[in-house]
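Q: From the sequence below, what's the structure:
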Amino acid sequence: LRQGDEFSGNGGRARFRVVACEPAEGGLPDASTVVLCEGEPIERTLLRSITMLPLETSMALLVGKDPSDLAREFVSPFMEQRSADLVVGQIHNLQGVQFKVVGTQPANGGGPCIDTQINTR
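A: This next block holds a predicted model:
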């Protein structure tokens, strides 16, 4: 982590920003890392739902997969590791398959959380 990095915790419900590090160039936290929290919480719009569809160029890689397979095998793992906001029009490579964000609620996008409903059809 470095100064300015942001990450989420608590299933995406809490967002954190690194405001200082020792050493100044950053590094990886471990069990001896001291974390200090102060200031107002970072406001973040959370996604109620997202629709991500595979691009046609990736369909050959998905033979035999139904929408629930796409959500479980590709989109859900991606969302669990994602903290940056998602908006309509973005294309993401998920395990070699390209998916496009075609819809979000709210419409202007937001960050994924544990309660985000995933649609793949």
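Q: Quick one: list the elements packing against the least confident helix or strand in the chain by mean pLDDT.
A: Among the helices and strands of the chain, strand 6-9 carries the lowest confidence by mean pLDDT, DSSP states H and E, at a mean of 74. Judged by 3 or more C-beta pairs under 8 Å, 6 or more residues apart in numbering; DSSP states H and E, strand 6-9 is in contact with strand 14-17. For glycine as for every other residue, the C-beta is placed from the backbone atoms N, C-alpha and C.
Q: Quick check: mean pLDDT of the strand it packs on?
A: Strand 14-17 carries an average pLDDT of 77.
Q: Packing partners of the helix or strand just after that strand?
A: Sequence order places strand 49-54 as the next helix or strand after strand 14-17, per DSSP states H and E. Strand 49-54 makes packing contacts with strand 97-105, strand 117-119 when contacts are defined by 3+ C-beta pairs under 8 Å, 6+ apart.
Q: Low-confidence ranges, the chain, go.
A: Scanning the chain for pLDDT under 70 picks out the ranges 11-13.
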